[in-house]
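Q: need coordinates for the following:
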Amino acid sequence: MTNMTDPSVYDAPQLMLVPGGTTPGAVTMTYSAVHKLWELYERYETTGVRRKSWTIVVPREMAECLPNRAAQSNAKLQARIKQLPVNVDVVLETSGSTTGQPRLVGLSYAALVASARATHEVLGGPGRWIVALPVHHVAGLHTLVRSCVAETSPIIADMSTGFDAQSLLRACQTAVDDKDNRSYLSLVPKQLADALDHGGELVELLAQLDAILVGGSGTSPALLDRARAAGLRIVTTYGMTETCGGCVYDGKPLPGVDIRVQGGKIQIAGPVLMETYLDEKPSTAFVEDGGKKWLKTSDAGVIEEGVLSVLGRSDDVIISGGVNVAPARVADAITEMPGVEAASVVALPDDTWGQVVAAAVVGPTEPLDEFAQRVRDHVGDRLGRDHAPRVVAVVDELPVTDLGKVDRFGVASMLRDLVDGGRAWVR
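A: Prediction:
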């Protein structure tokens with residue numbers, strides 16, 4: 001991995017906070033910073049000339065980067081940093097959607113470039129990227145890095161006020177009209193569902209893109225089937241901030257990336273790995289084995305014939321009456337049902353069972369008692385009766401993070417409130 005820095009050469013690093021989100025202004029400013037890193041990285045690759053100072057790009061939420069708050073935000077961020085390896089060029093924060101506590105991740109630009117190049121290799125070549133995800137998270141930022149590597153300009157689809165079909169339509173039209181470049185888009189499942197619901201010209205344009213990456217959280221088989229039936233070239237991705245975003249496409253690792261399952265948990269090696277968590281010291285995220293550094297994830301998975309299936313986070317497993325239940329599998333089964341738009345499954349404490357399987361479901365209009373029994377029958381037939389939810393609630397929408405990932409802590413809190421208020425079916 002190329003090292004652009006040398007601790008004996010540089011003074012203390014300078015953190016450059018840049019605004020995140022998807023507004024044109026924020027994306028432009030972040031892109032400018034990311035592109036400058038690309039220029040320095042590319043120069044070092046070709047000439048060996050190091051940059052003159054160690055500036056670290058830190059995309060943050062827009063509010064933290066406003067002039068009247070920037071100094072305070074910078075000081076607060078620096079107070080969280082317990083270690084700062086010399087290879088760190090970019091600092092991102094995880095979403096915290098599964099642990100409840102965001103973490104600071106230090107990434108090298110070399111890792112980001114390795115990921116971008118491997119992505120283009122798998123997708124069929126460089127191209128133009130539509131930015132529809134917040135650039136202070138890895139999926140959105142990576143559309144900018146890939147644009148730098150491809151030497152193309154990003155196309156902005158402003159989603160700062162929620163899903164905007166017209167903004168995405170205009171961005172797709174721009175991408176499709178550029179006959180000199182391939183066209184790519186990265187979405188989270190909720191955005192894909194919203195786009196399909198909008199239909200019409202938007203879906204027609206989406207079907208003309210060379211690939212649409214969908215990741216950020218588990219994507220239901222029903223949603224994937226619906227998208228592919230509409231002609232969309234969907235590529236499912238698995239990864240995290242710690243791996244520069246998606247590093248497994250359609251179940252297969254990107255070139256240069258190795259995956260394995262140890263003790264039921266996924267481990268990842270390769271040039272796309274983070275340097276370390278900056279807010280902990282020493283780091284316990286890695287294990288050395290076979291001459292490689294492996295990132296230990298908390299995700300459960302299996303590899304069959306070289307294809308990885310992610311079963312959800314191992315620490316999300318629900319233990320109900322002594323039976324281990326994988327919530328992602330239960331949610332997938334529920335979303336197969338007619339009338340269901342989305343579902344999230346979590347554990348709720350129970351005096352008798354220890355934990356019970358609880359489901360929050362979007363979409364059905366039938367009476368709750370009838371629907372809940374249909375859920376239990378369907379999940380029981382698919383996975384076994386022990387996996388059938390004992391708490392079912394129908395909700396207008398699932399709580400999500402600003403990246404559009406389902407907020408599991410928010411789902412659990414919402415379900416507890418619905419149970420306490422008598423607005424959930426409980427068996």
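Q: go through the protein and flag its longest strand.
A: Ordering each strand of the chain by length in residues (DSSP state E) puts strand 292-304 first.
Q: partner strands of it, with direction?
A: Strands that pair with strand 292-304, judged by DSSP bridges, come out as strand 265-269 (antiparallel), strand 286-289 (antiparallel), strand 307-313 (antiparallel).
Q: what's the second one in contact with?
A: With Cβ atoms under 8 Å, 6 or more residues apart in numbering as the contact definition, strand 286-289 has outside contacts at 267, 273, 293-296. Just so you know, the C-beta spots here come from the backbone N, C-alpha and C atoms, and that holds for glycine as well.
Q: next, the buried residues of the least confident helix or strand in the chain by mean pLDDT.
A: The weakest-scoring helix or strand in the chain, judged by mean pLDDT, DSSP states H and E, is strand 323-325 (a mean of 81). For strand 323-325, the neighbour count (16 or more other Cβ atoms under 10 Å) marks residue 325 as buried.
Q: rewinding a little: make a ChimeraX selection of the buried ones in the contacts of strand 286-289.
A: Filtering the contacts of strand 286-289 down to the buried ones (16+ other Cβ under 10 Å) takes a single ChimeraX command:
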select :267,273,294,295,296
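Q: please convert the contacts of strand 286-289 to CSV, extending it with pLDDT and distance to residue 334.
A: Output for the contacts of strand 286-289, formatted as CSV (pLDDT from 0 to 100; distance: Cβ to Cβ, whole Å):
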residue, pLDDT, distance to residue 334
267, 96, 30
273, 97, 34
293, 95, 38
294, 97, 34
295, 96, 31
296, 94, 30
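Q: format the contacts of strand 286-289 as TSV; extra columns: distance to residue 206.
A: Formatted as TSV, the contacts of strand 286-289 follow (distance: Cβ to Cβ, whole Å):
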residue	distance to residue 206
267	34
273	32
293	38
294	36
295	33
296	36
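Q: which one among the contacts of strand 286-289 gets closest to residue 185?
A: residue 273 (25.5 Å; Cβ to Cβ).
Q: quick one, what contacts that closest one?
A: By Cβ under 8 Å, 6+ apart, the contact set of residue 273 is 111, 242-244, 286, 293, 295.
Q: now the buried members of these.
A: Among the contacts of residue 273, those classed as buried by 16+ other Cβ under 10 Å are 111, 242-244, 286, 295.
Q: can you tell me which of these is closest to residue 128?
A: Distance to residue 128, by Cβ to Cβ, is smallest for residue 244 among the buried ones among the contacts of residue 273, at 19.8 Å.
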